[in-house]
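Chemist: okay, predicted coordinates and the sequence, questions at the end:
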Amino acid sequence: MSSNFNMKVASGYLGRLVATFFVAVTLLAISDSLGAQNTVPLGPDDLAKAQDLLNHGHPDQAIAILKTLAAVESPIRSVEHELGTAYYSIGELEGAKNAFAKAIKQDASDQDSVQMEGLVLYRLGQPDSAIPYLERVVRSTANANADAQTVLGLCFVNVKRFDDARITYAKLFGEPPESAAAYLLFATILRHMELSEPAAIQAQKALDISPDLPLAHFMLGEIALEKSDFDQAARQFEAERRINPDYALAYERLGDAYMHLQKLPEAQMALTKAITLDTTLTSSFVKMGMVLLRRQDVQTAIMYLEHAEKLAPNDFETHSFLAQAYHRIGKEDDAQRENAIADKIHQDNQILLQTGK
């Protein structure tokens, strides 16, 4: 009796256990089925959607989709590139750097990502790290993107690899790298970057190759003016005007150098030639007025300064020297007017400097 009872109990327990197991399996199957129905596979359509959002000014939404696409087990080709582009568009340079690095790892032939990685590293203040990427682009493409070549040149300048920078810019402009033109071209670029000393070295090398090259002496003269080396400046501008006799600016700068050397007749002659060659060069008229004031020819100085005022009504120096000239001949009302205009120009310029406009 007891044995039969125990068997019935055991049999009932086993039945309930089996039933529970089947219920659990059934629920799990239903759950998996529902999950499969609610999960939309990620694919090229999502990439296209992200690209469209990015193109229409919605980078944050594009990034959310692209991050999801990048996280899948087998990421779609070009997702990391698009993610890097999206990060770059909103100024997230670290995110862009990491994304482009992954894109290159996935596809070493992705030249767009290689170039962008170089540009991002340059913007992050890492020119040394940027150079290998930009060199890959420039060397692998016959007509490399101008941005890549320009930024590569900037990187070389930043790390003081000036020969490499010159070669890069020469290629960009289609000049033989060892030509006088290439050296002077690079000197001009360095001048615009306010690197006068390296610029002077490049300009002198250009003259060593081609002694009659126009504008090389002019650049050396301007650099000498910046350093207040007026004797050297005058020598360089004299050399330039012999090579380049119809270049008005050479005479204008020569007049400036002679004026600082107190060689007023020579300054007046040089400025006369500048004005003869270019009647729109305001600075020549202003400096002629300055020279004539020093030579006590006030009336003629006023004539030149009034012409300069017509050419450039908002030039501070013109109004200042006109005020001095009017004061010297007793025209106090005119002098006060010119001083007031000069003061206003000065104040306006200060406001512009403060506001950064």
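Modeler: Received the coordinates, thanks.

Chemist: centroid residue for the protein?
Modeler: Central residue check for the chain by Cα atoms, centre = their mean: the C-alpha nearest the mean position is that of residue 151, 8.4 Å away.

Chemist: who's in contact with that residue?
Modeler: Contact analysis of residue 151 by Cβ atoms under 8 Å, 6 or more residues apart in numbering lists 118-119, 122, 130, 134. Yep, even glycine has a C-beta here, placed from its N, CA and C like the rest.

Chemist: out of those, which is most surrounded?
Modeler: Within the contacts of residue 151, residue 134 tops the neighbour count with 30 neighbours, counted by other Cβ atoms under 10 Å.

Chemist: contacts for the helix or strand harbouring that residue?
Modeler: Under the criterion of DSSP states H and E, residue 134 resides in helix 127-140. By Cβ under 8 Å, 6+ apart, the list of residues contacting helix 127-140 from outside reads 111, 114-115, 117-122, 144-145, 148-149, 151-152, 154-156, 158-159, 168, 171.

Chemist: buried residues in that helix?
Modeler: Residues of helix 127-140 classed as buried under the neighbour-count rule (16 or more other Cβ atoms under 10 Å) are 127, 129-131, 133-138.

Chemist: which other residues reach stretch 249-256?
Modeler: If you take Cβ under 8 Å, 6+ apart as the criterion, stretch 249-256 is touched by 218, 221-222, 225, 233-234, 237-238, 240-241, 244, 267-271, 273-274, 277, 281, 283-284, 287-288, 291.

Chemist: please read the previous query as pertaining to stretch 331-342.
Modeler: For stretch 331-342, the external contacting residues (Cβ under 8 Å, 6+ apart) are 316, 319-320, 322-324, 326-327.

Chemist: of those, which belong to helices?
Modeler: Secondary structure assignment by DSSP state H places 316, 319-320, 322-324, 326-327 of these in helices.

Chemist: and those residues, which is closest to residue 98?
Modeler: Within those, proximity to residue 98 (Cβ to Cβ) peaks at residue 316, which comes in at 50.0 Å.

Chemist: on that earlier part again, give me phi/psi at the residue nearest to the centre of the chain?
Modeler: Dihedral angles phi and psi of residue 151 (degrees, to the nearest 10) take the values phi -70, psi -30.

Chemist: the one 10 residues further on now?
Modeler: Taking degrees, to the nearest 10, you get phi -90, psi 70 for the backbone angles of residue 161.

Chemist: shaky segments in the chain?
Modeler: For the chain, the stretches flagged by pLDDT under 70 are 1-44, 46-47, 50, 54, 73-75, 142-144, 354-357.

Chemist: at 90 what do you get?
Modeler: 1-87, 89-90, 106, 109, 139-147, 346-357 (pLDDT under 90).

Chemist: nearest to residue 344, of the contacts of residue 151?
Modeler: Residue 344 has its nearest neighbour among the contacts of residue 151 in residue 122, at 42.0 Å by Cβ to Cβ.

Chemist: wouldn't that closest one be in contact with residue 155 here?
Modeler: Yes - counting by Cβ atoms under 8 Å, residue 122 does reach residue 155; the two are 5.8 Å apart.

Chemist: so who does residue 116 touch?
Modeler: For residue 116, the set of contacting residues under the criterion of Cβ under 8 Å, 6+ apart consists of 81, 84-85, 88, 96, 100.

Chemist: next, residue 92: phi, psi?
Modeler: Dihedral angles phi and psi of residue 92 (degrees, to the nearest 10) take the values phi -90, psi 80.

Chemist: what sits against it?
Modeler: Taking Cβ under 8 Å, 6+ apart, we find residue 92 in contact with no residue.

Chemist: ok so, going back, ChimeraX command for the buried members of the contacts of helix 127-140?
Modeler: Typed into ChimeraX, the line below selects the buried ones among the contacts of helix 127-140, using 16+ other Cβ under 10 Å:
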select :111,114,115,117,118,119,120,121,122,144,145,148,149,151,152,154,155,156,158,168,171
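
Chemist: number of residues surrounding the closest residue to residue 324 other than its chain neighbours?
Modeler: With sequence-adjacent residues excluded and distances taken as Cβ to Cβ, 6 or more residues apart in numbering, residue 324 is closest to residue 293, at 6.7 Å. Around residue 293 sit 19 other residues, with neighbours defined as other Cβ under 10 Å.

Chemist: coming back round to it: just the contacts of helix 127-140: which are in strands?
Modeler: Assigned to strands by DSSP state E, none of these qualify.

Chemist: now, the contacts of helix 127-140 that are in helices?
Modeler: Among the contacts of helix 127-140, the ones falling in helices (DSSP H) are 111, 114-115, 117-122, 148-149, 151-152, 154-156, 158, 168, 171.

Chemist: so which strand or helix has residue 217?
Modeler: Following DSSP H and E, one finds residue 217 within helix 216-226.

Chemist: re the thing from before, the helix holding residue 134: how far from the chain's middle?
Modeler: Helix 127-140 has its C-alpha centroid displaced from the chain centroid by 17 Å (Cα atoms, centre = their mean, to the nearest Å).
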